[in-house]
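Student: Need coordinates for the following:
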Amino acid sequence: MSAGGGYAAGYYAYLWAEVLDADGFAAFTEAGDVFDSALAERLKDIYSDGDTRDPMELYRAFRGREPTIEASLEQRGLTAA
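Tutor: Residues are numbered from 1 along each chain as shown. Coordinates of the predicted model:
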């Protein structure tokens, strides 16, 4: 194993969490209401089902698709104007 492999794995997990956070929040901004109760219920399903179902299956049920990096890139100012 190369030196720093653990750090790289941890950083990748951090970046993936950031992608999920940004993409998930984008669902609320796209709905035009960050307090949208229907979306909040679908998000709550991710937490309540926990490790009983595949995490990507839970995310797709919430978002209607797999996560994308666009919202994360936008938050970092890395999208084309």
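
Student: which secondary structure elements does the helix or strand Ala71 falls within contact?
Tutor: Assigned by DSSP states H and E, Ala71 belongs to helix 70-75. Using 3 or more Cβ pairs under 8 Å, 6 or more residues apart in numbering; DSSP states H and E, the elements in contact with helix 70-75 are helix 5-31. Any C-beta I mention is one placed from the backbone N, CA and C, and that applies to glycine too.

Student: List the buried residues for the helix it packs on?
Tutor: Val19, Leu20, Ala22, Asp23, Gly24, Ala26, Ala27 (16 or more other Cβ atoms under 10 Å).

Student: Just put these in TSV and tack on pLDDT and distance to Ala71.
Tutor: Output for the buried residues of helix 5-31, formatted as TSV (pLDDT from 0 to 100; distance: Cβ to Cβ, whole Å):
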residue	pLDDT	distance to Ala71
Val19	97	8
Leu20	96	10
Ala22	97	4
Asp23	97	5
Gly24	96	8
Ala26	97	4
Ala27	97	9
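
Student: Need the three-state assignment for Ala80.
Tutor: At Ala80 the chain is in coil, as set by DSSP: H, G, I helix; E, B strand; the rest coil.

Student: between the buried residues of helix 5-31, which is nearest Thr68?
Tutor: Asp23 (6.0 Å; Cβ to Cβ).

Student: distance of the residue lying closest to the closest one once chain neighbours are set aside from Asp33?
Tutor: Of all residues not flanking Asp23 in the chain, Pro67 sits nearest, at 4.2 Å (Cβ to Cβ, 6 or more residues apart in numbering). Applying Cβ to Cβ, to the nearest Å, the value for Pro67 to Asp33 is 21 Å.

Student: Appreciated, that's everything.
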